[in-house]
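Enquirer: Sequence and computational prediction follow.
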Amino acid sequence: MNTNSQFIPFNLPTPVEKGIDTSVISGLGKGKFKAGCEKLLSEQLHGLRVLLTPSCSASLEMSALSIGIQPGDEVILPSFTFVTSASAFALRGAKLIFVDIRPDTLNIDEKLIEEAITEKTKAVVVVHYAGVACEMDSIKTVCKKYRIALVEDAAQGIGAFYKEISLGTIADYGCISFHHTKNIHAGGEGGAHLSSMMSPLFNGLRYFKRKEPIVRDSCVVKLISIPGRNSLPVMSCQKFKVLFYMIN
C-alpha cells in the first residue's frame, strides 16, 4: 500500500530544469532570473531595495552589519522566536534583551518594549510569527522616539499585511525567507533583504552596493553546489507571479 497517497504534498518543488543551467544563471548571480526576481519583489513591496540572500538568517546578519552593532550594544527582541533572530546580533557582540510575547498572537508585546530600552539599546527586532503582524504603529513610534533601528523578521510574512502594508516593508530593514517550510520556497534555502533608501538609519547606497556582490556570490555558489535542487531565482519568480496575482 502506498501511504504517500493519503497525504497532501507540502511545498512540492516546481520543476525548472532550465534554471539549473549555469549559463542561464551567469555572472555569479547577475543572470536574468535573479534580476527579474528582485525587480518583481521590489515592484510589489512598495519599491524597496531588494537583494536576494542565501537565507533569512543572512538577511538578518546584513541588518546587524548595516546598523553597525558593536559589542555591548543592546538589542530588544521577542522571547519566542527562531534562533537566528538572536544569533545574527549576538555574532556582532550585542547583548540580547528578551521581551515577553502576547498570548493572542505569540508576537512581541509592544507594551513592554519601551520599559526595556536603555541608553545602550541600538535596535528592536520584531518577528511576525507565522505571518501574523506585530503591532507596528506603536512599535515604530517608540523606535522613532528613541532613535532606535527597527528590524522586521518577516520570514513567514510574504503575502501578509499590516493595515494593507506588506510585512517586511514597514521597518528600516526587512528579512524574508524562502526556506522549504515557508510560504514561497526555493526548493531548499533562500531569502531576501529589504531596505528603504529613505531610512535615516540606512548607511548609504555606497555601502549597500559594496556588500551586494558578496550576497550575489554567496547565493549562487550555494545554489549551484546543491545537487538536484532548483535555482532560487527561477523557482521564486514563477511563484511570486502566482502569489501576487492572487493577493492583488
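Expert: That came through fine. Predicted, not measured: the structure shown is a model, and the values here were computed from it.
Enquirer: From one end of stretch 64-72 to the other, what's the distance?
Expert: End-to-end distance of stretch 64-72 (CA to CA, to the nearest Å): 13 Å.
Enquirer: Show me which residues of it are buried.
Expert: A64, S66, I67, I69 (16 or more other CB atoms under 10 Å). C-beta here means a position set from N, CA and C on the backbone, and glycine is covered the same way.
Enquirer: want to try JSON lines for those residues, with distance to A58 and pLDDT as columns?
Expert: Shown next, in JSON lines, are the buried residues of stretch 64-72 (distance: CB to CB, whole Å; pLDDT from 0 to 100):
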{"residue": "A64", "distance to A58": "11", "pLDDT": "93"}
{"residue": "S66", "distance to A58": "13", "pLDDT": "88"}
{"residue": "I67", "distance to A58": "15", "pLDDT": "92"}
{"residue": "I69", "distance to A58": "15", "pLDDT": "94"}
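Enquirer: Please narrow the residues you listed to those residing in helices.
Expert: Cross-referencing these against helices under DSSP state H gives A64, S66, I67.
Enquirer: ok, the residues you listed vs S177, which is closest?
Expert: A64 (16.5 Å; CB to CB).
Enquirer: For this protein, name the helix or strand with the lowest mean pLDDT.
Expert: For the chain, counting by mean pLDDT, DSSP states H and E, helix 205-224 ranks last in confidence among helices and strands (a mean of 41).
Enquirer: just the strands in the chain please.
Expert: Per DSSP state E, the chain carries strands over the ranges 49-53, 74-78, 95-99, 121-127, 149-153, 161-162, 165-166, 173-177, 191-195.
Enquirer: closest to F89 out of those strands?
Expert: strand 74-78 (4.5 Å).
Enquirer: Show me what the closest one is packed up against.
Expert: helix 83-90, strand 95-99, strand 121-127 (3 or more CB pairs under 8 Å, 6 or more residues apart in numbering; DSSP states H and E).
Enquirer: Pass me the low-pLDDT residue ranges in the protein, would you?
Expert: 1-5, 7-33, 185-188, 197-248 (pLDDT under 70).
Enquirer: mind checking how far T169 is from V125?
Expert: Counting by CB to CB, to the nearest Å, the separation of T169 from V125 is 16 Å.
Enquirer: what's the answer for I158, then?
Expert: 18 Å.
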